[in-house]
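Peer 1: Quick one: sequence plus predicted model below, questions after.
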Amino acid sequence: MRVSKEKVAQNRERILTSAARLFREHGIGETGVDAITGDAGLTHGGLYSQFGSKEAIATEAIRFALARGKRVWQRALERNPGKRALPAIVDGYLSRAHRDAPGSGCVVAALGTDIARQPRRVRQAFTREIKDDLEFLSRLMPNGDHSRSYEDAIVAFASMAGALILARAVSDETLSDLILKSTAKRVIKRGKVRTARRRSWKRKED
């Protein structure tokens, strides 16, 4: 029986949703095709007809998960316009809820070191999405030229992802909470300091 285009699209999303979650929870190398098909409720044939190989699944699942993460940031921006956007995104990223849900959270924090060992195709897909994330964040950085704002975005994202990795790794929950809280405070403060300095420079120039 021929499967409709709508059903094919639904099956594809089910595969990507399952793969993205399982990869983040267990790692790409530790997640087999059997686990993905079982979680998605599909057959091997259905999976391979869509993607052809596990490498292709990993490539698309990473792109899929990062795009969803970007939509979370976009919704935060819509709810918190202007200067409130960056603090809202940072607080959401460095939250207990995000720390405790790696399967639905940031791909960078869950799979960064794993992706570094993946084939070039997977890394290229990851790199393209990360560049988009950094561009998004750079537009939220206060009052700077693009080059400086982009560098600030790199520092902010690297700090956030690193803090999340460390907060998940330690066995002391009090320390884990402090890692999240301290990093969020300083990433947000850095943006405010940048704003204050630029205003000061502008007044001096005037």
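Peer 2: Looks like it came in fine. Numbers count the residues shown, from 1 in each chain.
Peer 1: Next, give phi and psi for the residue most central in space within the chain.
Peer 2: If you average the C-alpha coordinates of the chain and look for the closest C-alpha using Cα atoms, centre = their mean, you land on residue 106, 3.5 Å from that point. Here the main-chain torsion angles of residue 106 (degrees, to the nearest 10) amount to phi -70, psi 130.
Peer 1: That one touches residue 94, doesn't it?
Peer 2: No. With contact defined as Cβ atoms under 8 Å, residue 106 and residue 94 do not form a contacting pair (10.4 Å). Using the backbone N, CA and C atoms, a C-beta is placed for each residue, glycine as well.
Peer 1: Common neighbours of these two, please.
Peer 2: Overlap between the contact sets of residue 106 and residue 94, as judged by Cβ atoms under 8 Å, 6 or more residues apart in numbering, is given by residue 164.
Peer 1: List the buried residues for whichever strand or helix holds residue 78?
Peer 2: Following DSSP states H and E, one finds residue 78 within helix 54-79. Of the residues in helix 54-79, those with enough neighbours to count as buried (16 or more other Cβ atoms under 10 Å) are 54, 57-66, 69, 72-73, 76-77.
Peer 1: From the contact counts, what lies against it?
Peer 2: The criterion is 3 or more Cβ pairs under 8 Å, 6 or more residues apart in numbering; DSSP states H and E, and the helices and strands that helix 54-79 contacts are helix 5-26, helix 33-40, helix 85-93, helix 107-115, helix 120-138.
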